[in-house]
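**Student:** Quick check, what structure comes out for this input:
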Amino acid sequence: VTTAVANGDLSQKVTVDVAGEMLELKNTVNTMVDQLSAFGSEVTRVAREVGVEGLLGGQAEVPGAAGTWKDLTDSVNTAFRNLTGQVRDIAQVTTAVANGDLSQKVTVDVAGEMLELK
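**Tutor:** Coordinates of the predicted model:
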């Protein structure tokens, strides 16, 4: 199973019947695989929604995420939340300008290449 995980295959589980410390190890490995799979699925889903389908506002939800998994999930969500806010604000101003309203300004905080759009 650990070789499968190292190769990106998160469909494998430890299925042998064991007891004691080996049962704890089995449960820990299977929980790790579940967490990796949930995180990967959620990040893939949100990235597809935003990057391919053009659906803004999506957030990854990884129940039970803790430690580094929670930090990674929070970072992904912050990145997508910021991108959503930036795109929506710029779109609002662009729409206003297209309708002849030149009084609108981009107000969202941006940096880098997004700053050039502002």
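
**Student:** Look at Glu49 and give its secondary structure.
**Tutor:** Recorded secondary structure, Glu49: helix (DSSP: H, G, I helix; E, B strand; the rest coil).

**Student:** ok, now how distant is it from Asp109?
**Tutor:** As judged by CB to CB, to the nearest Å, Glu49 and Asp109 stand 23 Å apart. C-beta: built from backbone N, CA, C; applies to glycine.

**Student:** Comparing those two, which residue is more hemmed in?
**Tutor:** Neighbour count, other CB atoms under 10 Å: between Glu49 and Asp109, Glu49 has more, with 16 against 12.

**Student:** close enough to count as contact, that one and Gln59?
**Tutor:** No. Counting by CB atoms under 8 Å, Glu49 sits too far from Gln59 to count as a contact (9.8 Å).

**Student:** so Val14 makes contact with Thr2?
**Tutor:** No. If you go by CB under 8 Å, Val14 and Thr2 don't touch, sitting 9.1 Å apart.

**Student:** residues shared between the contacts of the two?
**Tutor:** Val29 (CB atoms under 8 Å, 6 or more residues apart in numbering).

**Student:** Among the two, which residue is more densely surrounded?
**Tutor:** Neighbour tally, Val14 and Thr2, criterion other CB under 10 Å: the higher count belongs to Val14, 16 against 11.
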